[in-house]
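Asker: Structure, please.
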Amino acid sequence: MVSVDKSIFFAKNIKFEDLANPELRSENCGNLASKLAEIKKVRQVLVLFQRNFPLKKTGAVLDGRDIGSVIFPDAKIKFFVTADLVVRAKRRKEQYKKIGQEYSIKDIAKKLEERDRRDKIRKASPLICMPDAIVYDNSKGSFKRLNKEIIEIVEKKYKSLELKIINKRLGQTP
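Answerer: Numbering: from 1, shown residues only. Reported below is the predicted structural model:
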């Protein structure tokens, strides 16, 4: 296990460019992130980084297990996206396959279940669904459909504010 001091050092020195590293989606990195999130001092440093993230852009969409509850509890719109454990395991298996990692669906499901439990019971930034979040079960839908439906909800919510919403993933500007 990485030491707390080293973890805090790396958290304090993370750069926005570092987030593009595909290694962040690996099995080891995901599990390590969940374990490090239990350490209050590490979470405190990362919370500051995450809260400053939208200030560097013209806006931001952030995902994570505590974005709506801890990072941006006053966000105007929050989604809590969920999916069946087996569906998540199958999707994760495909993600791992793309980066050259092979795991059984059973092993992935077990690790996802362990991570969910650990993230829900941790004292620092636990995984919770906020009462004002829009709960979206994506068990049967594709990412493309999820993306489209969420954009439609956001556009309707902010239409009266006349915000220009740019969907870079789909390359569209409404």
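
Asker: Name the next helix or strand downstream of the lowest-mean-pLDDT helix or strand in the chain, please.
Answerer: Lowest on mean pLDDT, DSSP states H and E among the helices and strands of the chain sits helix 27-36, with a mean of 81. Later in the chain than helix 27-36, the nearest helix or strand by DSSP states H and E is helix 40-52.

Asker: could you check the angle helix 27-36 makes with that following helix?
Answerer: 110 degrees (axes from the mean of the first three to the mean of the last three CA atoms, to 10 degrees).

Asker: what about helix 40-52, distance to the chain center?
Answerer: Chain-centre distance of helix 40-52: 14 Å, with CA atoms, centre = their mean, to the nearest Å.

Asker: Show me what whatever helix or strand comes next after that helix packs onto, helices and strands only.
Answerer: The first helix or strand that comes after helix 40-52 along the chain, using DSSP H and E, is strand 79-82. Helices and strands touching strand 79-82, by 3 or more CB pairs under 8 Å, 6 or more residues apart in numbering; DSSP states H and E, are strand 134-137. Just so you know, the C-beta spots here come from the backbone N, C-alpha and C atoms, and that holds for glycine as well.
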